[in-house]
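Colleague: Quick one: sequence and predicted model below, then my questions.
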Amino acid sequence: MRAIIAGPQGLRINEVPEPRPLPGEALVRVAAISLNRGEVKRALSSTADWRPGWDAAGTVEVPAADGSGPHAGARVVGLLPSGAWAERVAVPTHSLAEVPAGVSLQQAATLPVAGLTALHAIYQGGSLLGRRVLVTGASGGVGLFACQLARLSGADVAGLVRTHRDVVAATGAEPIAEVTARAPYHLIVESVGGRALGAALAALAPDGVCVSFGTSESSTATLDVGGFFRVGGPRLFGLVLTHELRRESAAVGLGRLLRLIDEGRLKTSVEVAAPWTEVAALAADLIDRRFAGKAVLEVA
């Protein structure tokens with residue numbers, strides 16, 4: 001079978017061995033994959049052949065031998081630590097969710113990393129009804145989901161964005177160009193780092209939380225820590241998706257997101273759709289931020 005390989009020669013499609021599922025894994029024929037900045041950055045810097053890929057959606061060819069998970073023929077979406085960009089993958093059933101009839105596999109493929117990261121970031125805010133929420137990097141895959149999920153929770157949402165303001169505005173969030181502390185935020189979903197992170201922490205409400213899940217600008221920030229040294233004060237939470245999925249499985253979170261899409265309450269952000277043979281070009285476009293939202297590749 002074929003899969004996307006990352007290495008010194010860049011991203012390319014090559015022949016690889018067939019997957020051999022464990023008893024708790026289903027064999028899935030992949031129809032669509034999506035790209036995430038983190039995995040693309042790692043793939044483009046790989047010095048030895050490596051199989052990237054976190055997000056995949058397709059059809060169950062062989063159900064898990066232990067009887068768990070979806071049946072043969074079910075349309076599914078799943079999350080893997082690597083190797084999802086292939087014609088067939090073995091996916092643990094706790095990381096696999098069945099896709100409703102009203103949701104396309106292309107839509108579903110955007111959810112595993114971007115959707116689950118946004119979902120777990122919003123969890124950290126607790127009750128958001130009537131609260132103020134800020135999302136930095138708001139035009140990215142995670143950012144657009146976070147804006148929508150915060151709005152669905154009843155929050156007043158602002159999205160920090162340099163370009164693609166119209167895409168952010170379409171989520172119901174207010175596009176902003178800079179962060180100020182004049183009106184504090186209860187929850188900040190932060191992925192830029194550097195100056196943006198410092199400004200975000202200064203704009204937290206006294207009992208607010210800043211959830212940091214990435215540092216696309218810089219991993220170094222300058223901040224005044226004085227306000228953090230009090231009981232019930234603001235806090236900074238570093239979100240690592242794999243850690244969060246130990247508390248709630250990917251299957252549960254994906255199921256929640258899929259229901260919202262099926263009900264028309266959550267919109268996916270497929271800005272680019274192309275054959276997987278174009279992965280190298282689209283990976284470069286993603287790193288250069290030439291489009292908002294997500295890129296989905298169809299596996300032929």
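Modeller: Cool, the structure landed. Residues are numbered from 1 along each chain as shown.
Colleague: residues touching the nearest residue to A65 once chain neighbours are set aside, list them.
Modeller: Among residues not flanking A65 along the chain, P23 sits closest, at 4.5 Å (C-beta to C-beta, 6 or more residues apart in numbering). C-beta here means a position set from N, CA and C on the backbone, and glycine is covered the same way. Contacts here follow C-beta atoms under 8 Å, 6 or more residues apart in numbering; on that basis P23 touches A64, A65, D66.
Colleague: next one: V211
Modeller: Neighbouring residues of V211 by C-beta under 8 Å, 6+ apart: A121, Q124, G125, L187, I188, V189, E190, F237, L239.
Colleague: measure it to E244 for me?
Modeller: 11 Å (C-beta to C-beta, to the nearest Å).
Colleague: For the nearest residue to G214 once chain neighbours are set aside, report the pLDDT, please.
Modeller: Excluding its sequence neighbours, the residue lying closest to G214 (C-beta to C-beta, 6+ apart) is S191, at 3.9 Å. On pLDDT, S191 comes in at 91.
Colleague: I figured S191 hits G141, correct?
Modeller: No - the pair S191 and G141 does not pass the contact test of C-beta atoms under 8 Å, sitting 10.1 Å apart.
Colleague: More neighbours: which of those two?
Modeller: G141 (29 against 26; other C-beta atoms under 10 Å).
Colleague: wait, isn't that one in contact with L111?
Modeller: No - using C-beta under 8 Å, G141 makes no contact with L111, being 9.6 Å away.
Colleague: so is the residue most central in space within the chain in a helix, a strand, or just coil?
Modeller: Nearest to the mean C-alpha position of the chain, by C-alpha atoms, centre = their mean, lies A114 at 1.0 Å. Here A114 is helix, with the state taken from DSSP: H, G, I helix; E, B strand; the rest coil.
Colleague: How about the contacts made by it?
Modeller: Here A114 is in contact with S34, N36, D55, G140, G141, V142, F145, K294 (C-beta under 8 Å, 6+ apart).
Colleague: Restrict the contacts of V211 to the buried ones and give me that as a PyMOL selection.
Modeller: Buried residues within the contacts of V211, by 16 or more other C-beta atoms under 10 Å, are selected in PyMOL with:
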select buried, resi 121+125+187+188+189+190+239
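Colleague: could I get the helix or strand bottoming out on mean pLDDT in the chain in PDB with only the CA atoms?
Modeller: Counting by mean pLDDT, DSSP states H and E, the weakest-scoring helix or strand in the chain turns out to be helix 194-202, with a mean of 86. Extracted in PDB, the C-alpha atoms of helix 194-202 (Å, rounded to 0.1, in the frame of the first residue of the first chain):
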ATOM      1  CA  GLY A 194       5.800  35.700  22.400                       C
ATOM      2  CA  ARG A 195       4.300  39.200  22.700                       C
ATOM      3  CA  ALA A 196       0.800  37.800  22.200                       C
ATOM      4  CA  LEU A 197       1.100  35.500  25.200                       C
ATOM      5  CA  GLY A 198       2.400  38.300  27.400                       C
ATOM      6  CA  ALA A 199      -0.400  40.600  26.300                       C
ATOM      7  CA  ALA A 200      -3.000  37.800  26.800                       C
ATOM      8  CA  LEU A 201      -1.800  37.100  30.400                       C
ATOM      9  CA  ALA A 202      -2.000  40.800  31.200                       C
END
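Colleague: what are the bridge partners for Y185, then?
Modeller: Under DSSP bridges, the beta-bridge partners of Y185 are L204.
Colleague: and the gap between it and K267?
Modeller: 23 Å.
Colleague: More neighbours: those two, which one.
Modeller: Remark: of Y185 and K267, Y185 carries more neighbours, 26 against 15, as counted by other C-beta under 10 Å.
Colleague: Hmm, L204 and the more buried one touching each other?
Modeller: Yes - contact criterion C-beta under 8 Å: Y185 and L204 qualify, at 6.2 Å.
Colleague: Present the contacts of P23 as JSON lines; the columns should include distance to L258 and secondary structure.
Modeller: Supplementary listing: the contacts of P23 in JSON lines, determined by distance: C-beta to C-beta, whole Å; DSSP: H, G, I helix; E, B strand; the rest coil:
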{"residue": "A64", "distance to L258": "19", "secondary structure": "coil"}
{"residue": "A65", "distance to L258": "25", "secondary structure": "coil"}
{"residue": "D66", "distance to L258": "23", "secondary structure": "coil"}
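Colleague: out of those, who has the most neighbours?
Modeller: In terms of neighbours by other C-beta under 10 Å, those top out with A64 at 22 neighbours.
Colleague: In contact with that residue, which residues are there?
Modeller: A64 neighbours (C-beta under 8 Å, 6+ apart): P21, P23, G24, E25, A26, T93.
Colleague: how about the residues you listed in CSV, adding secondary structure?
Modeller: Shown next, in CSV, are those (three-state DSSP):
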residue, secondary structure
P21, coil
P23, coil
G24, coil
E25, strand
A26, strand
T93, helix
